[in-house]
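Chemist: pasting the sequence and the predicted coordinates here, then a few questions.
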Amino acid sequence: MSRDGEQVIFIVENDKMHFRNRKLLQTLTVAVLLAYTILLVYQSFSTGVISHENIELHPNDEKIKSFRQRLQRHLSRDQLGDSDHLQNLENPATISPNLSPGEVTQVTMRPFTTSLNDLFISVKTTKHFHKERLPIILKTWFQLAKDVTWFFTDTNDEEFHKMTNGHMINTNCSSSHSRKALCCKMSVEFDTFIETDKKWFCHFDDDNYVNIPRLVDFLSDYNPREDWYLGKPSIQAPLEIINKDKSSQKVKFWFATGGAGFCLSKALALKMMPVASGGKFISTGEKIRLPDDVTMGYIIEHLLKKPLTVVDQFHSHLEPMKFIRRDMLKDQISFSYSKNKEEWNVVKIEGFDAKYDTNRFLSLHCFLFPETRFCPR
Ligand SMILES: *[C@@H]1O[C@H](CO)[C@@H](O)[C@H](O)[C@H]1NC(C)=O
């Protein structure tokens, strides 16, 4: 049937309707329309409120994502401590004031975090090297880790005691370079660490430059509640010694070179206590008749059966420093130097004249931290 036909039928039926019925139908229609309009208005208003809340609170929102990323960066940069060079960080509170405290807690709830204050840094030195080696350390990297760095020596030195704010420890060990004297110092370093509540023990020598922010950043990838022996060997194969106690049995183990620096987690250090604490490090060293760093490897790798994790960013003077590429310097944890028959093995870096900066530590420091006061602008 055609549309015209429909209309015809409708008009015919309409005509048949009573006048009062038509009036009622009109009123009903108006009422239904009105109700529908009210419903529409209410609905659009309420969805408006919901989507507004979405912007503020939905965790996947872009704004919060970017805030989280910025906060993460802030937290990791904060690990550097309050050094002069590492300022100008945004205040996270100003980034998104609408963020509820719950959101912030979620970001910081990582299984563990590492900051400079979690470290115990020991530097082994001797009275003969105070004047020659300590001033450059005190002028450079020590400034970034004053509160957590301790010097282990063999004399009372009032001058350096003051300069380090009392961070010189007289081990009362011999000042000779003998095996026993070296193990004696390591023993005191270890015992001193055990008495602290620090999470990491990092040992260095007085001819090391330590890239503090890099060290902290590096350690934050490891859990101090797990057993970690982090360092770098200086030999190509594990050391092989003969254990005279056990019918000349061969013993093989790796050890981290002390001259490059190494770190031990608190968990591992606690497990070492029966053979290393309270002076037992010395008797263990005497037993195998090997230096301090080798004794460390023997205790950890052989006695405790915990493997050394090789970290290439530690560098001792046994390596040629000039091969560390300039664009890789900032990623390295430690550097060293040595002099062999008038030939200096030093980091290759521009900066101060070699006359004033023979071991290149001043220049290296200015390269890594150009904002330092004594660095040229
Ligand atoms: C070294 O000897 C002095 C004097 O006897 C003592 O006070 C100090 O505690 C000793 N140091 C260590 C690390 O044992």
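Modeler: Yep, that arrived.
Chemist: can you tell me what sits against stretch 339-353?
Modeler: 209, 317, 320-322, 324, 326, 329, 335, 337-338, 354, 357-360, 362-364, 366-367 (C-beta atoms under 8 Å, 6 or more residues apart in numbering). C-betas here are computed from N, CA, C, even on glycine.
Chemist: ditto for stretch 365-377
Modeler: So stretch 365-377 is contacted by 84-85, 139-141, 143-144, 209, 211, 329-330, 349-352, 362 (C-beta under 8 Å, 6+ apart).
Chemist: in the stretch 1-150 of the chain, which residue sits nearest the ligand?
Modeler: Trp150 (11.1 Å; C-beta to the nearest ligand atom).
Chemist: same thing with the stretch 151-300 of the chain?
Modeler: Counting by C-beta to the nearest ligand atom, the stretch 151-300 of the chain gets nearest the ligand through Asn172, at 3.7 Å.
Chemist: what separation is there between that residue and Lys139?
Modeler: Note on Asn172: its distance to Lys139, by C-beta to C-beta, to the nearest Å, is 28 Å.
Chemist: same deal with Arg377?
Modeler: 18 Å.
Chemist: who has more neighbours, Asn172 and Lys139?
Modeler: Lys139 (14 against 11; other C-beta atoms under 10 Å).
Chemist: model confidence score at the residue lying closest to Leu138 once chain neighbours are set aside, please.
Modeler: Spatially, and ignoring its direct neighbours in sequence, Leu138 is nearest to Met163 (5.7 Å; C-beta to C-beta, 6 or more residues apart in numbering). Among the per-residue scores, Met163 holds a pLDDT of 97.
Chemist: same deal with Ser247?
Modeler: 73.
Chemist: check Ala31 too.
Modeler: Confidence score, pLDDT, at Ala31: 72.
Chemist: how about the one 4 residues further on?
Modeler: Ala35 is assigned a predicted lDDT (pLDDT) of 73.
Chemist: what strand or helix carries it?
Modeler: helix 19-57 (DSSP states H and E).
Chemist: give me the three-state assignment for Arg214.
Modeler: Assigned by DSSP: H, G, I helix; E, B strand; the rest coil, the conformation of Arg214 is helix.
Chemist: so it makes contact with Leu329?
Modeler: No - taking C-beta atoms under 8 Å as the definition, Arg214 is not a contact partner of Leu329, at 9.8 Å.
Chemist: which residues of the stretch 101-250 of the chain score low on pLDDT?
Modeler: 101-111, 246 (pLDDT under 70).
Chemist: and the strands in this protein, which stretches?
Modeler: 119-124, 149-153, 168-170, 200-205, 209-210, 229-231, 239-243, 249-253, 262-265, 308-310, 334-335, 338-340, 343-345 (DSSP state E).
Chemist: partners of the fifth one in the sheet?
Modeler: Right, strand 209-210. strand 334-335 (antiparallel) (DSSP bridges).
Chemist: could you do the third one as well?
Modeler: Applying DSSP bridges to the sheet, strand 168-170 is found paired with strand 149-153 (parallel).
Chemist: give the buried residues for the strand it pairs with.
Modeler: 149-153 (16 or more other C-beta atoms under 10 Å).
Chemist: ditto for stretch 281-295
Modeler: 281-282, 284-285, 288, 290-295.
Chemist: now the contacts of stretch 339-353: which count as buried?
Modeler: 209, 317, 321, 324, 329, 335, 337-338, 357, 359-360, 362-364, 366-367.
Chemist: now, which of these lie within helices?
Modeler: Under the assignment DSSP state H, the buried ones among the contacts of stretch 339-353 contribute 362-364, 366-367 to helices.
Chemist: kindly report the domain assignment for this protein.
Modeler: Per the record, the chain has its domains at 55-109, 117-310, 321-368, by automatic domain parsing.
Chemist: no further questions, thank you.
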